[in-house]
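A structural model of the following input is requested.
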Amino acid sequence: MITTIISLSKRFYFYQKLRFPVVILSLSLLPAILSSGTIVTANPPVFQVAGVLITSILYLLHIRVIDEYRDFSHDNIHHNLRPVQTGHISIKELQIIDIYAMVIFLAIAIFAGIYSFFVGVFMLIYSYLASKDFFIGEKLRQHFFIYNGINIIQMFLLQFFAYTIFAGSISFTTLLILHYIFTCIGSIIFEFVRKLKIPGTDGTGKDTYTWYLGFNNAIIVYLIFVLLNTVFFYQIMIIITGQNTLWLFFSFVLFCISLLFALVHLIKKATHTEQLMQLSFLIVYAIFNLVIYFVKLH
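Predicted structure coming up:
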């Protein structure tokens, strides 16, 4: 039994490095979690922050396992070097890990309160329907943007779930609504930029935004989302501080950083410029969230 657990742990460690990097995801999620906590409560305690971070990672793992199962045939053809396809870990083993993950997820949700529990259950119901392609199957998959839009709703639910852990019941203030939209746009950008590929590297799966939009148009759409994210950050800071000019300048500077790296990638179209563009948004988005956290905290 112990040998089996150790063996499975080693295989999952290899899997997560390539398909679900836990440390990177945790560092990426933490700033948004901190800002979410201060939006709905004055000073979120460490145990609540930890609870939101752990449940977020577990739910994202749940979504990833669903994707592995749902896309198995597609990935066998178009992404045959992924860990499941190369035999480093099986779908069944991932599903076993997922069951334990969801038990822990629900246990934390129950401990956090009745609202968190009901939202958590709804999230699992929605993810189940998504795993079945809402019983529409291939007809839904043929509509790339609708398909991805329906699935990213899971991220929006996760954000709402975070609020319930921090505050229990939710009061829909203007600040909360703006912050919710701000974080949802951030989730959209993370999803979008992940599927924004250099010309010639789209593969054959027709599962990237550049495949459908073209590289130049995809960069423009990315920048529009980044601009919207910046605008909502600016509005949030006006409500929190009552100041205008300072945050307008601050927002403008950070948007220009994202714009600069996007334009460099637009011109160079290289792997390193793609990574720099992704990293630049990750840093800018983290700064936005940490500023909200520290300013609201004080």
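
And the contacts of the helix or strand residue 53 falls within?
Using DSSP states H and E, residue 53 maps to helix 46-70. Outside helix 46-70, the residues that touch it by C-beta atoms under 8 Å, 6 or more residues apart in numbering are 19-20, 22, 25-26, 29-30, 33-34, 36-37, 75, 84, 91, 94-95, 97-98, 101-102, 104-105, 108-109, 111-112, 120, 123-124, 127, 130-131, 133, 151, 154, 158, 161-162, 165-166. Heads up, the C-betas are built off the backbone N, CA and C, glycines and all.

In helices only, show me those residues.
Residues of the contacts of helix 46-70 located in helices (DSSP state H): 19, 22, 25-26, 29-30, 33-34, 36-37, 75, 84, 91, 94-95, 97-98, 101-102, 104-105, 108-109, 111-112, 120, 123-124, 127, 130-131, 151, 154, 158, 161-162, 165-166.

Run a quick neighbour tally on the nearest residue to residue 98 once chain neighbours are set aside.
Take residue 98 and drop its neighbours on the chain: the residue closest to it by C-beta to C-beta, 6 or more residues apart in numbering is residue 65, 4.3 Å away. Residue 65: 25 surrounding residues under other C-beta atoms under 10 Å.

Would you mind giving me the confidence score for residue 3?
The score at residue 3 is 76. That number is its pLDDT.

What helices and strands are in contact with the host helix or strand of it?
Assigning secondary structure by DSSP H and E places residue 3 in helix 2-19. Counting contacts by 3 or more C-beta pairs under 8 Å, 6 or more residues apart in numbering; DSSP states H and E, helix 2-19 packs against helix 83-86, helix 91-112.

Show me where the stretch 1-150 of the chain dips below the pLDDT cut-off.
Scanning the stretch 1-150 of the chain for pLDDT under 70 picks out 1.

Let me see the contact set for residue 201.
Going by C-beta under 8 Å, 6+ apart, residue 201 touches no other residue.

cool, and the one 5 residues further on?
Neighbour list for residue 206: 144, 212 [criterion: C-beta under 8 Å, 6+ apart].

does it count as helix, strand or coil?
Put simply, residue 206 is coil when judged by DSSP: H, G, I helix; E, B strand; the rest coil.

State the distance from it to residue 64.
Per C-beta to C-beta, to the nearest Å, residue 206 is found 21 Å from residue 64.

before we move on, the earlier item: switch the helices and strands packed on helix 2-19 over to TSV, and while doing so, append distance to residue 9 to every line.
Output for the helices and strands packed on helix 2-19, formatted as TSV (distance: least, C-beta to C-beta, whole Å):
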stretch	distance to residue 9
helix 83-86	14
helix 91-112	9
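
Those helices into JSON lines, with extra columns for mean neighbour count?
Shown next, in JSON lines, are the helices and strands packed on helix 2-19 (neighbours: other C-beta atoms under 10 Å):
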{"stretch": "helix 83-86", "mean neighbour count": "17"}
{"stretch": "helix 91-112", "mean neighbour count": "16"}
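
So which of those helices is nearest residue 281?
Relative to residue 281, the nearest member of the helices and strands packed on helix 2-19 by C-beta to C-beta is helix 83-86, separated by 26.5 Å.

Which elements pack onto the closest one?
Counting contacts by 3+ C-beta pairs under 8 Å, 6+ apart, helix 83-86 packs against helix 2-19, helix 72-78.

Can you point out the buried residues in the helix or strand that contains residue 283?
Taking DSSP H and E as the definition, residue 283 sits inside helix 271-297. Of the residues in helix 271-297, 273-274, 276-278, 280-282, 284-286, 288-289, 291-293, 295-296 count as buried by neighbour count, 16 or more other C-beta atoms under 10 Å.
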